[in-house]
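# could you look at this predicted model? Sequence included:
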Amino acid sequence: MCVGFVAPRVVPFRQRALAHAAPMMSSAIDLAAVQTACLAKIEAAFPLNARDFAASLDCASWSSGAASGEVVGFAGEPKLGWVSRSVTTAKSGAVHAELTAWVAPAFDLPHLYQTLSLADGRLSLTLDSVSRVDLTSDAQYLEQYYLSTLPWYEGIRASAPGATDAPPPDVFMRLLRSPMVLSLSLSDSPESLAAVTRACEEATERWVGWWQGAKEVNRMKVGALFVRDTKQHRMRFQSHTDVLKAIGVDSELAERVAQAIVGPGDEQYVGGAS
């Protein structure tokens with residue numbers, strides 16, 4: 001990572017979606033295809049079971065005057081608490097696609113988080129392995145999941161054509177980020193799409209590989225992980241709700257879609273991240 005680098009101002013998805021969109025080479029289909037391929041890698045490693053949770057909230061496929069989208073979710077117990085893939089397309093044509101695999105509290109591996117966004121001729125990528133522990137007090141965890149991946153992150157950053165660093169859209173997403181988050185904005189081109197496709201697939205493969213030899217944590221740690229995960233779920237719910245409301249989706253629908261993405265068991269998170 002470059003110390004002292006000052007990122008240029010990058011307009012977040014919620015604001016770009018309200019503006020007139022520039023012509024785009026890529027499409028929602030392209031972004032969904034990238035994450036469908038990554039989801040297939042997860043499905044090959046875990047016995048995922050499709051759930052109708054989004055349908056029960058009437059937002060498996062949803063539409064409002066401001067935007068439309070779809071959400072699919074899977075359970076993967078005992079290792080994965082919830083896996084979801086979602087795509088949101090704003091009225092302006094801006095697209096946001098997300099894939100997350102939330103680890104169950106019986107294991108302490110990082111959560112997998114990926115987003116792809118397209119607006120105003122820019123293709124944005126965020127890849128992260130969301131920490132489950134306090135990294136300042138767990139040197140082994142820091143080395144295993146973050147410091148060891150530094151060369152890969154730097155390689156992706158250097159090889160992405162015309163990439164600039166992209167800040168997160170809100171404080172909740174900032175709080176969730178790990179030290180090794182990769183968040184880039186690129187010009188929309190076949191080369192950029194190829195670069196983000198490679199990055200997403202390699203990040204997914206690395207995350208799946210971490211599970212080899214993974215063991216359940218002791219019961220005391222399960223409780224601590226559950227508490228931390230609960231707070232992270234609340235932040236995710238609030239972030240999704242705020243972004244959807246900012247592009248014109250009404251509050252009630254925004255909360256249902258956010259809840260579908262975060263997963264079942266999180267109804268208590270409705271109402272904020274406090």
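Ah, there it is.

# this structure: helices as residue ranges?
Remark: helices of the chain, listed N- to C-terminal, are 13-16, 28-45, 53-56, 139-145, 150-159, 171-176, 190-210, 219-246, 251-262; assignment by DSSP state H.

# list the contacts of the fourth one.
By that I understand helix 139-145. The contact list for helix 139-145, computed with C-beta atoms under 8 Å, 6 or more residues apart in numbering, reads Asp108, Leu109, Pro110, Ser129, Ser131, Val133, Leu135, Pro179, Met180, Trp210. (C-beta placed from N, C-alpha, C; glycine too.)

# try it again with 6 Å
Defining contact as C-beta atoms under 6 Å, 6 or more residues apart in numbering, one finds that helix 139-145 is touched by Pro110, Ser129, Val133, Leu135.

# may I see the PyMOL selection of the buried members of those residues?
Buried members of those, identified by 16 or more other C-beta atoms under 10 Å, are gathered into one PyMOL selection as follows:
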select buried, resi 110+129+133
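
# please list the members of the contacts of helix 139-145 that lie in strands.
With strands taken from DSSP state E, the overlap with the contacts of helix 139-145 comprises Ser129.

# now the contacts of helix 139-145 as TSV including distance to Ala32 and pLDDT?
Conversion of the contacts of helix 139-145 to TSV gives the following (distance: C-beta to C-beta, whole Å; pLDDT from 0 to 100):
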residue	distance to Ala32	pLDDT
Pro110	24	97
Ser129	22	95
Val133	32	92
Leu135	33	92
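
# could you dump the contacts of helix 139-145 to a markdown table with distance to Asp165?
Rendered in a markdown table, the data for the contacts of helix 139-145 read as follows (distance: C-beta to C-beta, whole Å):
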| residue | distance to Asp165 |
| --- | --- |
| Pro110 | 21 |
| Ser129 | 18 |
| Val133 | 26 |
| Leu135 | 21 |
